[in-house]
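>>> just coords:
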């Protein structure tokens with residue numbers, strides 16, 4: 001089996017994550033917040049890669065699991081935006097693949113556009129109870145960023161040019177190189193799975209709830225400064 005080179009160039013952090021992963025929601029929010037705080041927005045970019053849980057688990061992510069995470073994980077980073085699902089039951093997304101594909105496709109427009117679409121889609125799902133499986137929701141999220149070329153994104157989705165990259169990310173995610181969502185890779189060759197957070201489950205997933213035994217947001221400062229190497 002070929003081992004993928006996941007070490008990015010200086011100034012880039014590679015992030016494997018799914019959109020309906022609460023731990024990734026926290027990590028991505030902290031990456032953006034810490035980057036801005038350190039004044040590194042123009043010096044560091046996030047290369048967002050897909051860690052499609054539904055393909056790795058052979059099933060869509062259950063709403064019961066997501067709901068059990070909102071109250072527990074939301075208290076650790078409330079400003080990221082959270083709420084229990086408020087829309088009609090049939091609007092709960094059955095897949096995140098179209099949204100993940102859109103984020104990858106938008107990288108053609110640069111990392112910034114891709115980052116902002118990813119952030120908007122996370123907000124749409126976690127804070128606004130929107131069905132991110134739906135193309136209109138994805139395009140509305142892209143439009144809300146003010147930086148994504150929506151027409152170019154539509155063309156990319158129409159011809160499926162990012163689907164091969166999505167499949168490649170899924171294949172890498174299924175190996176031992178990537179442990180979970182989120183998993184970060186830095187230019188210095190180090191990698192960090194679910195940085196700053198240690199968690200275990202009380203009961204089975206979807207029935208029980210996550211218990212955070214450690215949460216250290218400060219690690220993101222080291223990750224961001226380390227990405228300049």
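Sure, I can see it. These figures come from a predicted structure and were not determined experimentally.

>>> Am I right that residue 141 sits in a helix?
Yes. Under the criterion used here (DSSP: H, G, I helix; E, B strand; the rest coil), residue 141 sits inside a helix.

>>> how much space between it and residue 151?
According to CB to CB, to the nearest Å, residue 141 and residue 151 sit 15 Å apart. Heads up, the C-betas are built off the backbone N, CA and C, glycines and all.

>>> Residue 144 too?
The gap separating residue 144 from residue 151 is 15 Å, by CB to CB.

>>> taking the mean pLDDT, what do you get for stretch 186-200?
Mean pLDDT, stretch 186-200: 95.

>>> Which one's more surrounded, residue 141 and residue 151?
When residue 141 and residue 151 are compared on other CB atoms under 10 Å, the one with more neighbours turns out to be residue 141, at 27 against 10.

>>> That one reaches residue 124, doesn't it?
Yes. Look at residue 141 against residue 124 with CB atoms under 8 Å: they come within range, at 5.2 Å.

>>> which residues do these two both contact?
In the contact map built from CB atoms under 8 Å, 6 or more residues apart in numbering, the residues linked to both residue 141 and residue 124 are 130, 132.

>>> Okay, strands next: where are they in the protein?
Along the chain, the segments classed as strands by DSSP state E run 12-17, 45-50, 183-185, 191-193, 197-202, 209-215.

>>> Same list (those) but as TSV, adding mean neighbour count and distance to residue 177.
As requested, the strands of the chain are arranged in TSV below (neighbours: other CB atoms under 10 Å; distance: least, CB to CB, whole Å):
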stretch	mean neighbour count	distance to residue 177
strand 12-17	22	9
strand 45-50	24	11
strand 183-185	23	9
strand 191-193	17	8
strand 197-202	14	20
strand 209-215	14	24
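
>>> which residue packs closest to residue 130, ignoring adjacent ones?
Counting by CB to CB, 6 or more residues apart in numbering, residue 130 lies nearest to residue 124, which is 4.1 Å off, once chain neighbours are set aside.

>>> Okay then, goodbye and thanks.
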